[in-house]
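Engineer: coords please:
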Amino acid sequence: MGDLNTTYLGMELESPLVASASPLTQDVGNIRRLEDAGAAAVVMHSLFEEQILIESRELDRFLSQGSESYGEALEYFPDLPSYEIGPEAYLELIRKAREAVSIPVIGSLNGCTPSGWVEYAKQIEQAGAHAIELNVYFLATDPGMSALDVENKYVELLREVKARVSIPVAIKLGPYFSAFANMAHRLDAAGADGLVLFNRFYQPDFDLEYLEVTPNLQLSNSQELRLRLRWAAVLYSHLRAEIAITGGVHEFTDVLKAVMAGANVAMMTSAVLRHGFGHFTRLRREMHDWLEANDYESINQMRGSMSMKSIGDPAAFERANYLKVLSSYSMR
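Structural biologist: Now for the predicted structure:
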């Protein structure tokens, strides 16, 4: 039977199958089920910067009754009680999860500024998290903000957090950089222990009847995997940081493709929401069967086998593939 063992953020894992941040990891019982089903690690649901800001402003309000000491922008965020879980409860959940399971528990911070919640990275470490995932969701809407300004925000955030904790730190980011390979190298140089490719930037819709902007959350599908595979294949062997692929991982073949591109782990949520916790069990079995049928002794044996590490000019390779794809379509 093929060996599925891998490493991620310096941790030994029994397989590349990791449960990504989602509502599933808001409950210790669910985290136990994920472990029992075969998840090799779990990323806790995200603690949002806005939750921390709201909590601190609520405290300030109670300390200064009658004064309008916090900004009008607070109205744009949901009331604190509407959140499923607040900062202090989040830390307690990490503590309970560490006691309940033997697999690594990775904390998740979602925000875009260092000053708002860097201190919580330290508290997440103290609560017992094995590592931290910085889930950076930032849309540059200011015309005066340059691409370099945006990149510097990411690097600054990573450096600030790395300076406060001793556990590994991964950064989850989107693909929308003009020179993503350079950005990856900058984050690598700033101390990132892992790069998580990629954040799914959810697009709202318009309600034409009520003239409102409405949330529109759709589960991923395997078609979304291709962008992740491309960049993992480009970056493999060029970074110290380890690579995680998230978004579009549904079948065991998706996991194998991720590893062949150069990823250490493949993270998933949508597939588990669709098929239940037992989906991890099925994927582990199918991966074992495939390795045995194809004479692989271990999954590490295939890592990076489909990457671009041996290609002298990846940009020219991509250009050739682009031309090949366009010419392959035929009208019938």
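Engineer: C-alpha from now on. contacts and neighbour counts both.
Structural biologist: Fine.
Engineer: quick one: the helices in this structure, in order.
Structural biologist: With helices called from DSSP state H, the chain shows them at 28-37, 49-63, 87-100, 114-127, 147-164, 180-189, 225-235, 252-261, 270-275, 278-293, 314-328.
Engineer: would TSV of those with distance to residue 202 and mean neighbour count be doable?
Structural biologist: Output for the helices of the chain, formatted as TSV (distance: least, CA to CA, whole Å; neighbours: other CA atoms under 10 Å):
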stretch	distance to residue 202	mean neighbour count
helix 28-37	25	19
helix 49-63	18	15
helix 87-100	24	17
helix 114-127	23	18
helix 147-164	19	16
helix 180-189	20	17
helix 225-235	16	21
helix 252-261	22	24
helix 270-275	14	15
helix 278-293	25	17
helix 314-328	27	11
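Engineer: out of those helices, nearest to residue 306?
Structural biologist: Closest to residue 306 of these, according to CA to CA: helix 252-261, at 5.1 Å.
Engineer: average model confidence for the closest one?
Structural biologist: On average, the pLDDT along helix 252-261 is 97.
Engineer: name the residues that touch that helix?
Structural biologist: Helix 252-261 is touched from outside by 16-17, 222, 225, 229-230, 232-233, 236, 245, 248-249, 265-266, 283-284, 286-287, 299, 302-307, with contacts defined as CA atoms under 8 Å, 6 or more residues apart in numbering.
Engineer: could you do stretch 189-206 as well?
Structural biologist: Residues outside stretch 189-206 that contact it (CA under 8 Å, 6+ apart) are 8-9, 135-137, 155, 158-159, 162, 168-175, 184, 212-217, 228, 232, 240-247.
Engineer: give the buried residues for it.
Structural biologist: Of all the residues in stretch 189-206, those buried under the rule 16 or more other CA atoms under 10 Å are 190, 191, 192, 193, 194, 195, 196, 197, 198, 199, 200.
Engineer: those in strands, which ones?
Structural biologist: Using DSSP state E, the subset of the buried residues of stretch 189-206 located in strands is 194, 195, 196, 197.
Engineer: related to what we said a few turns ago, turn the helices of the chain into CSV, including distance to residue 141.
Structural biologist: Shown next, in CSV, are the helices of the chain (distance: least, CA to CA, whole Å):
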stretch, distance to residue 141
helix 28-37, 37
helix 49-63, 18
helix 87-100, 28
helix 114-127, 19
helix 147-164, 11
helix 180-189, 19
helix 225-235, 24
helix 252-261, 32
helix 270-275, 29
helix 278-293, 39
helix 314-328, 29
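Engineer: quick one: pLDDT of the closest residue in space to residue 123 that isn't next to it in sequence?
Structural biologist: Spatial nearest neighbour of residue 123, excluding adjacent residues (CA to CA, 6 or more residues apart in numbering): residue 91 at 7.3 Å. Here, the pLDDT recorded for residue 91 equals 93.
Engineer: could you do residue 88 as well?
Structural biologist: According to the prediction, residue 88 has pLDDT 86.
Engineer: make TSV out of the buried residues of stretch 189-206 and add pLDDT.
Structural biologist: What follows is the buried residues of stretch 189-206, written out as TSV (pLDDT from 0 to 100):
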residue	pLDDT
190	97
191	97
192	98
193	98
194	98
195	98
196	98
197	97
198	93
199	88
200	81
